[in-house]
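Student: Need coordinates for the below:
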Amino acid sequence: MSTLLRQLTTQCLEQFIMRDDQWRGLIKSRLEDPNGAAKALKKRKRRKLITDSQLFIVAADHTARGMLGVGDDPFAMADRRKLLDSLLIALDNPLVDGVLGSADVIDELALLGALDNKLVFGTMNRGGIMGASWELNDRMTAYTPQEIAARGLDGGKVLLRLADDDAGTGPTIEACAKAVTQMADLKLPIMVEPLPYTGGSGGPAKYIDDNDKLLRAVSIASGLGSSSAYTWLKVPAGSQVERMMAATTLPGLILGGTPGPDPEATYSSWERAMKVPNVRGLVVGRSLLFPKDGDVAGAIVRAARIVRP
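Tutor: Predicted coordinates:
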C-alpha cells in the first residue's frame, strides 16, 4: 500500500477522504508521469482469483458509457473525487476482493496504491452510450483482451444487452463472442453480463424484467465464443434466480443493478442468490458507493456479511 493511501483517513468526518494536496498530487501524476499508472499496475501485489470464499467486487465502469446518475441525482457519479473517495473506502475493507472499472478509474486507483492484493477487472464494451440512438450497438471502446493481459489485470467484462427489436444487438453479440474467445486464449476470466432489453426506434433502450427472457439471455451468453472455459456470468438476483442459474454450469456473480427504493429488499435478494450452488459472489457499484444515507463504509460491511455470512 502506498504512502499516499496510508495518509487517507477512512472516517467520513470531512467533505472528502483525500486532502487537497493529495488530490492535486494525483492530477500532477496524470500530467507529469503518464506511464505511472501502468508501472503501478505491474508492481502491485497480486492474489488468487479462486479461494474458498465467494467474491465481493465493487463496480465502477458506469461513467465510461455516460451513466452518471444514482437515484434522484442525475450527476451523482460525475464528481471524480467523490467517486474515488467511495472506492477507497470500499477497497480499504479487507472483505472486498477487487474492483471492476474502465481504464481511467483503474489507473487512478493504481496511482493511489489502492489495488494491492485486489482483483482488477477491466470493462471492455462501453460504446453503447446511455440514451444514444446506437446504444445497443455496444462497441468495444474500453479495454481489449490483449491490454488486459499486458497491463496485468486479472480479467475483463462485457455487457451483452439482447434486444430482438434492435439490429445493433447483432454486432454486439459478435463482438462479445470474439472477446470471450480471446480471453480464453489468454487464460483470463471474462464476466459476461446478459440482459434482455427492448430498443428499436420507438425510444430509449429499456431493460425487460422478465424471468423467461433472462433465462434465454443466460443460455445465449453461456454459448458465446470458441471456449467457455474462462466465462463467468454477471446476472441480476431475479425472483427466479435458482431457475436462471440452473440453465448453466458456469460460475455466476450477482450484479447490484439500479438502486431500488428499499435497500433491505435488495439485500434480501442478494442473500437468497448467494445460496445457489454456482453463484460465486457479488458485483455491486452504485448501491454501495452512493447509498441513500451516505454511509459507504456501512453499506460495504452490510454487503460483505451477505457474501461471507
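
Student: and the most centrally placed residue in the chain, which of the three is it?
Tutor: Closest residue to the average C-alpha location of the chain: residue 59 at 3.2 Å, with CA atoms, centre = their mean. When classified by DSSP: H, G, I helix; E, B strand; the rest coil, residue 59 comes out as strand.

Student: Nearest residue to it in space, ignoring adjacent ones along the chain?
Tutor: Ranked by CB to CB, 6 or more residues apart in numbering and with sequence neighbours excluded, the top spatial neighbour of residue 59 is residue 285, at 3.4 Å. For every residue, glycine as well, the C-beta is placed using N, CA and C.

Student: Tell me how far the one you found lies from residue 214.
Tutor: Residue 285 sits 20 Å away from residue 214, going by CB to CB, to the nearest Å.

Student: Please identify which helix or strand holds the closest residue in space to residue 242 that isn't next to it in sequence.
Tutor: Excluding the flanking residues, the one nearest residue 242 by CB to CB, 6+ apart is residue 276, at 5.6 Å. For residue 276, there is no host helix or strand (DSSP states H and E).

Student: Is residue 276 in contact with residue 241, as I believe?
Tutor: Yes. Contact criterion CB atoms under 8 Å: residue 276 and residue 241 qualify, at 6.0 Å.

Student: Which one's more surrounded, those two?
Tutor: Applying other CB atoms under 10 Å to residue 276 and residue 241 shows that residue 241 carries more neighbours, namely 23 against 17.

Student: State the pLDDT value of that one.
Tutor: If you check residue 241, the pLDDT there is 96.

Student: now residue 8
Tutor: For residue 8, the model assigns a pLDDT of 42.

Student: Flag the shaky bits of the stretch 101-250 of the chain, pLDDT-wise.
Tutor: Counting by pLDDT under 70, the ranges of the stretch 101-250 of the chain that qualify are 200-203.

Student: the helices in it, which residues?
Tutor: Applying DSSP state H, counting those that start in this stretch to the stretch 101-250 of the chain gives helices spanning 103-111, 145-150, 169-185, 211-222, 241-245.

Student: rewinding a little: does the residue nearest to residue 59 really touch residue 256, like I thought?
Tutor: Yes. With contact defined as CB under 8 Å, residue 285 reaches residue 256; the gap is 5.8 Å.

Student: So which of the two has more stuff around it?
Tutor: More crowded of residue 285 and residue 256, by other CB under 10 Å: residue 285, with 26 against 21.

Student: rewinding a little: now the common contact residues for residue 285 and residue 256.
Tutor: residue 59 (CB atoms under 8 Å, 6 or more residues apart in numbering).

Student: Can you tell me the SS state at residue 253?
Tutor: Put simply, residue 253 is strand when judged by three-state DSSP.

Student: Surely residue 127 touches residue 139?
Tutor: Yes. Look at residue 127 against residue 139 with CB under 8 Å: they come within range, at 2.9 Å.

Student: show me the contacts for residue 185.
Tutor: Residue 185 neighbours (CB under 8 Å, 6+ apart): 145, 227.
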